[in-house]
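Trainee: predicted model and sequence below, questions to follow.
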Amino acid sequence: MNTPMISPNIVVCESGPDAARHVADLLASEIRTKPDMVIGLATGGTPVDVYRELIRQHREADLDCSRVTSFNLDEYVGLPSGHPQSYRYFMQQHLFDDANFSPAKTHVPDGMAADLDQYAKQYEQLITQSGGIDLQLLGIGNNGHIAFNEPGSLMESRTRVVELAEETIDANARFFESTDQVPRRAITMGIGTILEARKIVLMATGESKAGAIAEAFAGVCHPSNPASALQRHANVVVVLDPPAASRLGS
Ligand code: F6R
């Protein structure tokens, strides 16, 4: 790909909670402007406060999510939707059950699909049929992964089944009783899928993300840091707290 590098718009907020409010305001403003928008959503620790703020705006400030279509980035293979560590369960608990999303318009990849490869193709088709993603929310792994596109993933990759990197399994073990219980495989949107979103908002907080963030936006796009592919996208906002921003430009 010969697309030139584009500097993202980087916003450093005063704290993690401020960063979450900032991201929630960006999302809410898009929903208010286009109530039937298509939004791409992430799970993990990073967006929890973002979703809490969206729920607050739904309850106290008339934020209407009933016409929004959502697509989540990823899901563990082998976890049923009712499993407390499945990403479908996470989304119900942290957002969908408490804001007025229409259940039929929320999509989280099905990690229990009988034919995962076929299912991955259908997920892509569903995104296309919905008109494509208007805004994609992303977190970032300590190793630079976006969604579950681990280092080495192709920039053109599409939704597919992947093996999780050891460092991702270790990082996510905090949500399980032991490392052994973390699934080894996941179904994830590809980097190519993510880059087709019309706007991307990447949020990162904490010192553990500082290295990955510095590398991702250092002006070189390299498969060793999947998030560096975002430099090829013309409409990316990166929202950080000071620790996550601490190694930028180093
Ligand atoms: C989750 C996802 C992952 C996370 C990343 C950071 O849907 O796609 O890429 O965004 O692993 O996770 P946290 O926020 O837990 O640090």
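Mentor: Yes, it's here.

Trainee: around the ligand, which positions in this structure sit nearby?
Mentor: Within the chain, the residues that sit near the ligand (C-beta under 6 Å from any ligand atom) are 42-46, 73-74, 139-141, 145-147. Heads up, the C-betas are built off the backbone N, CA and C, glycines and all.

Trainee: save these as a markdown table, and put in neighbour count, pLDDT and distance to Q92 too.
Mentor: Formatted as a markdown table, these follow (neighbours: other C-beta atoms under 10 Å; pLDDT from 0 to 100; distance: C-beta to C-beta, whole Å):
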| residue | neighbour count | pLDDT | distance to Q92 |
| --- | --- | --- | --- |
| A42 | 24 | 98 | 15 |
| T43 | 25 | 98 | 11 |
| G44 | 17 | 96 | 15 |
| G45 | 14 | 96 | 17 |
| T46 | 24 | 98 | 18 |
| L73 | 27 | 98 | 16 |
| D74 | 23 | 98 | 16 |
| G139 | 21 | 98 | 19 |
| I140 | 25 | 98 | 24 |
| G141 | 26 | 97 | 23 |
| H145 | 27 | 98 | 24 |
| I146 | 31 | 98 | 23 |
| A147 | 30 | 98 | 19 |
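
Trainee: these in strands, which ones?
Mentor: Among the residues of the chain next to the ligand, the members falling in strands (DSSP state E) are D74.

Trainee: dump the residues of the chain next to the ligand to TSV, plus distance to V237.
Mentor: Listed next are these as TSV, based on distance: C-beta to C-beta, whole Å:
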residue	distance to V237
A42	14
T43	20
G44	18
G45	20
T46	14
L73	17
D74	21
G139	14
I140	13
G141	19
H145	19
I146	14
A147	17
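
Trainee: what comes up buried for the top helix by length along the chain?
Mentor: Longest helix in the chain, counting residues (DSSP state H): helix 16-33. Neighbour-count burial for helix 16-33 flags 16, 18-24, 26-28, 30-31 (criterion: 16 or more other C-beta atoms under 10 Å).

Trainee: ok, Q85 - contacts?
Mentor: 76, 79, 175-176, 181 (C-beta atoms under 8 Å, 6 or more residues apart in numbering).

Trainee: what's S70 sitting at in phi/psi?
Mentor: The phi/psi pair for S70 (degrees, to the nearest 10) reads phi -120, psi 150.

Trainee: in the sheet, who's paired with it?
Mentor: With DSSP bridges as the criterion, S70 is bridged to I39, T106.

Trainee: now swap in L135 and tell me
Mentor: Residues in beta-bridge contact with L135 (DSSP bridges): I39, K199.

Trainee: give the contact list for G211.
Mentor: G211 neighbours (C-beta under 8 Å, 6+ apart): 142, 247.

Trainee: what do you get for A165?
Mentor: So A165 contacts 141, 143, 145, 150-151 (C-beta under 8 Å, 6+ apart).

Trainee: could you rerun that using 10 Å?
Mentor: 141-143, 145, 148, 150-152, 171 (C-beta atoms under 10 Å, 6 or more residues apart in numbering).

Trainee: what about the closest residue to N142 other than its chain neighbours, which SS state?
Mentor: In space, and not counting its chain neighbours, N142 is closest to S208: 5.3 Å by C-beta to C-beta, 6 or more residues apart in numbering. Assigned with DSSP: H, G, I helix; E, B strand; the rest coil, S208 falls in the helix class.

Trainee: could you give the separation of stretch 113-121 from the chain centroid?
Mentor: A distance of 21 Å separates the centroid of the chain from that of stretch 113-121, by C-alpha atoms, centre = their mean, to the nearest Å.
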